[in-house]
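Novice: all I have is the shape, not the residue letters:
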C-alpha cells in the first residue's frame, strides 16, 4: 500500500514496545460493545493505474467548456487562467501546509492573505476584508448575520433579482419566511417594493449587482434610503470582473459586500471549491466573521503577520462566536490573489472590458434571430433573452448540437410559468467569433 | 462613603448613594491576559442583575461581564476604547467600565465583601 | 532596500511595495473601448491593483512559499487535524477537464459522469459509516455541523416539539460545536468530562429533561479516547426523544474498522480534508459531507442526487415534492466537487482493506508515541489512546517553561508543534496525532526530539522562552495586532516608514 510506510517488522516492533500482541488489543474496549472489522460492501485497494482509468472514464462522460461552445454564467464563469497560477498553488508549501496558527513558520500563507485582503478591499471599495469564506452564497449569509448583530434587528429584505440559490441559502441560515421574498416579471430590481418594505425593524437589504439576470444598477440612492432607516445595505457580486467597469459597491454606499471570487484563478469545478469575499467598513470590524490577518512585529522588531481578532472566533468565544466558521478557502484564495497579481490594474481592467465587449458582440448577433428578445437595459457579461419556446427545451436541443447555451431561468425558479421561456446567457473573453457564430447557427436550427 | 462589593464572576462595584461604578477585578484581568478590546454598554440602556452587559477581549479569550446590579447606565469609560490596556494596569481604578444608577439597593446584600471575594479566589 | 537575507532565506516585500499599476504578467487582446452597455453605474475608476510580470510573480510567491512549513517537508503532530500525506494522484485527477471545466448548471444530460462520481463517493461514505443517507453539500466540517443540527432542528419542528431547545455538549468539544448550536438558537449546556477523560454519563443524564433536543459528541473524543458508553448514551438520548449528533473529526481512528452507524448516531459530519486526505491548502478549502440515519434523512438539504432507470438527476428546488421536508440549502450549487474527486481517488486507492490498515496504523503510531514518552512527559489519561495522545503540562511544573514555550522550541528542532491548549479540560494540553503516513523512522526521530527537549527543560527556561530563533521571523506580538488591527496595506504606509 503505497501511502502506508509501516512495514510488517515495524508494526511488530511497535506492538512490542506498547506491550500488546496484536493491533486489535488496542481496540478491545470498543470490541466489547460493538463488532469491529465489519465486512464492507466495497472493493479492495486498486493500483494507481486502475484508479486513474476509472475516474478518467467518468470524466470523459461530461461535456465541458473546452470541448463545447460554452455560454453559461449564473454565478460560475469560464475564464482563462494563466498557467503560473496552478503551478504555484501546487507547491508543497502552499498545498500541504496547515492553517497559519504558528505564525513563525507560516509567514508565506499569512503574507499572501494580507495581500489578498488588501486586493479585495480595493476591488470592493471598502475599508477591510477577511481572509475569505467558502463562497459567495455563504459570504452573503454571513453578511446578513452580521447585519442582524450590528443593528440588533431581525427583518431581512431580499431583492427580487438575487441569485435564487443565494436567496435560499440566506433563508436557510437566517430563517427568513418565504413571504418576504418575491420575484417579479420585471427583471429589474423592484425599487418601489424595497422602498416600501424598509422600516425600523429592517436589519438589512440584500441586493445583487450585476443581478442574476445580468442587469447593472447604481445603488447610491438605495443605500442612502436604507441607511436613513438605520438598516444596512448588503451588495452581492457574483462576477468580480464586473468591478473593473463599474463604480465600486463601497463608492455606491454599501455597508457590507459579499462576492464570489471564483472568476479569478479558480475553474468552475462543477460548483466548488470556490472563494467567498467579505468586505465591510472599519466600524464593523469586530463583527466580521472568519479568519483575518493583521500586521505585527516580532521580538526583534521585524515586521510580520498573524491571524488576529481570534477572540471573535469559535475556538475561543464558543457559544458567542460571530460565526461557527473554521476554515477559509485557503488555496482558492491563493489562486485568486496570484491571478489578480499577474493581471494588475491594466490587465484586470482590460479583461473586464474584453468580457463586456464579448457579451455585446453576442448580443448583436442574437438579436438578429427572429422572435428572440433581450430583457436587459444594461449588462456586464451576461444577459437574459426571451425565446418563443421553453428555455429548458432550447438549452437541451442546443446541447445536442454541442452548444451549452445558457441557464433556463425555470431551472432555478420553477414556480412561475411566466419565466419558462427565459434563458440567461454569458459570454466571456474565452468566447471567440467562431463560437458565437456556432451559437447563432445552432439556435436558428433549433428554434 | 463609597463601599466596594464583588461578584463571584469577578466584577467589582463601588457604590456611593445609589450610583455604582463597575469594573473587573485584578484576578480577572490577570487570567485574561493582555486586554485588547472592551465592548461597553450604551448610555441610557437598562442593565439587569446577573445578565451580560459588556464584553472584554484578550488575545486568547473573550469574556462576558455580568452586571452586579440592575439599573440604568449613566456613563461608559470611553478611554478604554483607545487604551484597553488600562484594564490590565489599573483594573479597580482607571480601568472602570461603566457607571450605573442602581434601581434596587437591596441587590447589594447578595454581593461579596472584599474579604469574602479574596477567600473566593483563594479557593 | 536593506538586504537582510540569510542564505536561502529571502526576505520578500509586500506585493504593494514591488508591484505597479502599469505592470502585468498576462498578455491579453486589446479591448476596442468603443461602447458600453453598463448604464448608470459605469465607471473607469482607478482601483490601485499592483501587477507584476510573470517572472516577478513567480519569484514573489516562491519566496513566500519557502517561509511555510508543510506536510511534504515534515511531520505535523497536530491533534484533531489528521495531517496525513496528500496524494498527488488526487491532484492530477481533480484537474481532468471533465471535472474541472464543467459548469454546475449544465443540462444534466451533459454531466452524467460528474453526477455518477458524486453517487460513487456517497456510496463509499454510507458504507464506511453504516448510515442510510448522505448529503455532500456542506463546504467544510463546521458547515457539516450546521447541516446536522439544522436537520435535527427541522425534525423537532416536524414533531411539533419546539420546546426542545437544549443541546448538551461536552466540555472537551471543539469550539465549533457550541458555536453551531448557539447560532441556531439552541441553549447550550456543557457536560463535564470525568477523570478518565470520557463524558460523565451521570452528569449527562441529570441534564436530560423534557426540553432536551440533542447532544453533540465527538467520538473518539478530543482527548483521543473512545467514548465507551456511547451506545448507552445513544439509547438514553433516543428514549428521551432526542438526537445524537457525532462530530466526525476523529474518524481516522475508526475508518474501515468500526462503523459509527452501529453506535446509534443520527448524524455525523466527515472532514474530507482530514480522514480522506484532501489537502489542507494553508487553511482550506475543506469539505464536510454529513451522513444521516433513517429518522433524519428526510430533512437533508437541497440538492438531492437521484437516479431513475438510466440517468442521474438532481432535485434542486425547495418546492419539489421529494424535498418538501428539507431544511433548505446550505450553499450555491452542489458542493465541493473538486474535493470529491480527490477523496474518491483516495478511497479507491486504499480500498476497504487499505482503509482498515489506515486506522490501525494511525492508532498504532499514536500508542507507540505514548508508550515511548510516558516516562518523561505526563499523559493526561491512563490506558491506550486511539489515533492521538493527550499530555498535560505537569512534566513542566517547576521548570518555568510553559506549554507554549515547549511548542516554540519544537519549531527550532524542525517540527510544527502539536496542538496546544486544546482540549480545554486538561491544563496546558499537548495533543499529538502522528497519522498513519509517518514511517517508524520519522516517529522515532520525533520521539527522540521530544525526549531531548523534555530533558532540557530541567536546565532552565531561557532556551525555551527565546524560541524560536531559526525561523524567518520570531515570536510575534499578538496583543499589538489585536489592539491596533492593521488588516491591509494602505498607501501612507510607505510615508510612515520613512
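Specialist: Good, I have the coordinates. Keep in mind that what you see is a predicted model, and the values were worked out from it rather than measured.
Novice: what's the closest non-adjacent residue to residue C:343?
Specialist: residue C:276 (4.0 Å; Cβ to Cβ, 6 or more residues apart in numbering or on different chains). From N, CA and C alone the C-beta is placed, and that goes for glycine too.
Novice: around chain B, which positions in the stretch 151-300 of chain A sit nearby?
Specialist: Counting by Cβ under 8 Å from any Cβ of the partner chain, the residues of the stretch 151-300 of chain A close to chain B are residue A:286.
Novice: can you tell me the closest non-neighbouring residue to the residue sitting nearest the centre point of chain B?
Specialist: In chain B, the residue lying closest to the centroid (Cα atoms, centre = their mean) is residue B:23, at 2.5 Å. The shortest distance from residue B:23 to any non-neighbouring residue, by Cβ to Cβ, 6+ apart, is to residue B:96 (4.5 Å).
Novice: isn't that neighbour up against residue B:25?
Specialist: No: the pair residue B:96 / residue B:25 is not scored as a contact, 11.9 Å apart, by Cβ atoms under 8 Å.
Novice: neighbour count winner among those two?
Specialist: More neighbours surround residue B:96 than the other of residue B:96 and residue B:25, with 23 against 19 (other Cβ atoms under 10 Å in any protein chain shown).
Novice: tell me if I am right that that one is in a helix.
Specialist: No: read with DSSP: H, G, I helix; E, B strand; the rest coil, residue B:96 is coil and lies in no helix.
Novice: ok, it to chain C distance?
Specialist: Per Cβ to the nearest Cβ, to the nearest Å, residue B:96 is found 19 Å from chain C.
Novice: per-residue pLDDT, residue 413?
Specialist: As the question left the chain open, I've gone with chain A. Per-residue pLDDT puts residue A:413 at 89.
Novice: correction: the question concerned chain C.
Specialist: Here, the pLDDT recorded for residue C:413 equals 97.
Novice: got it, and the one 5 residues further on?
Specialist: Note for residue C:418: predicted pLDDT of 97.
Novice: for it, grab phi and psi.
Specialist: Here is the backbone geometry of residue C:418 (degrees, to the nearest 10): phi -70, psi 170.
Novice: what about the residue nearest to residue C:125 when sequence neighbours are not counted, which helix or strand?
Specialist: Nearest non-adjacent residue to residue C:125, counting by Cβ to Cβ, 6+ apart: residue C:134, 5.1 Å away. Element membership of residue C:134, judged by DSSP states H and E, is strand C:133-135.
Novice: buried ones in the helix or strand harbouring the residue nearest to the centre of chain B?
Specialist: For residue B:23, the host element (DSSP H and E) is strand B:19-24. Of all the residues in strand B:19-24, those buried under the rule 16 or more other Cβ atoms under 10 Å in any protein chain shown are B:20-24.
Novice: with stretch C:429-447 instead?
Specialist: Neighbour count says stretch C:429-447 has C:429-438, C:440, C:443-447 buried, by 16+ other Cβ under 10 Å.
Novice: got the residues of chain C near chain B?
Specialist: C:421, C:478-479, C:482-483.
Novice: on that earlier part again, surely the residue nearest to residue C:343 and residue C:341 touch.
Specialist: No: the criterion here is Cβ under 8 Å, and residue C:276 misses it with residue C:341 at 11.3 Å.
Novice: for residue C:283, what are its contacts?
Specialist: A:98-100, A:109, A:131, A:291, A:327-330 (Cβ atoms under 8 Å, 6 or more residues apart in numbering or on different chains).
Novice: try residue C:339
Specialist: Here residue C:339 is in contact with A:272-273, C:272-273, C:278, C:285-287 (Cβ under 8 Å, 6+ apart).
Novice: per-residue pLDDT, it?
Specialist: Note on residue C:339: pLDDT of 98.
Novice: tell me the secondary structure at it.
Specialist: Quick answer, by three-state DSSP: residue C:339 is helix.
Novice: how far away is it from chain B?
Specialist: 32 Å.
Novice: go on, residue A:77?
Specialist: Counting by Cβ to the nearest Cβ, the gap from residue A:77 to chain B is 39 Å.
Novice: coming back round to it: same for the strand holding residue B:23, what does it pack against?
Specialist: strand B:11-16, strand B:98-102 (3 or more Cβ pairs under 8 Å, 6 or more residues apart in numbering or on different chains; DSSP states H and E).
Novice: who wins for proximity to residue C:390 among those?
Specialist: Smallest distance to residue C:390 across the helices and strands packed on strand B:19-24 (Cβ to Cβ): 33.7 Å, for strand B:11-16.
Novice: ok, how many other residues are close to residue 16?
Specialist: Looking at chain A here, since you left the chain open. So residue A:16, with other Cβ under 10 Å, has 12 neighbours.
Novice: that answer is for a different chain, and I need it for chain B
Specialist: For residue B:16, the count of nearby residues is 10 (other Cβ under 10 Å).
Novice: show the pLDDT at the closest residue to residue A:197 other than its chain neighbours.
Specialist: Nearest non-adjacent residue to residue A:197, counting by Cβ to Cβ, 6+ apart: residue A:157, 5.2 Å away. We note a pLDDT of 87 for residue A:157 in this prediction.
Novice: give me the element residue A:437 is part of.
Specialist: Going by DSSP H and E, residue A:437 is in helix A:433-446.
Novice: mean confidence for that helix?
Specialist: Helix A:433-446 comes out at a mean pLDDT of 96.
Novice: contact residues of chain B facing chain A?
Specialist: B:36-37, B:39, B:55, B:57-62, B:64.
Novice: among the residues you listed, which ones are in strands?
Specialist: Assigned to strands by DSSP state E, the following of those qualify: B:36-37, B:39, B:55, B:57-58, B:62, B:64.
Novice: drop anything exposed from the residues you listed.
Specialist: By 16+ other Cβ under 10 Å, those give B:36-37, B:39, B:55, B:57-58, B:62 as buried.
Novice: now those residues as JSON lines including distance to chain C and pLDDT?
Specialist: Below are those laid out as JSON lines (distance: Cβ to the nearest Cβ, whole Å; pLDDT from 0 to 100):
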{"residue": "B:36", "distance to chain C": "4", "pLDDT": "92"}
{"residue": "B:37", "distance to chain C": "7", "pLDDT": "91"}
{"residue": "B:39", "distance to chain C": "14", "pLDDT": "90"}
{"residue": "B:55", "distance to chain C": "14", "pLDDT": "89"}
{"residue": "B:57", "distance to chain C": "7", "pLDDT": "88"}
{"residue": "B:58", "distance to chain C": "8", "pLDDT": "87"}
{"residue": "B:62", "distance to chain C": "11", "pLDDT": "76"}
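Novice: state the pair within those residues that is farthest apart.
Specialist: B:39 and B:58 (12.8 Å).
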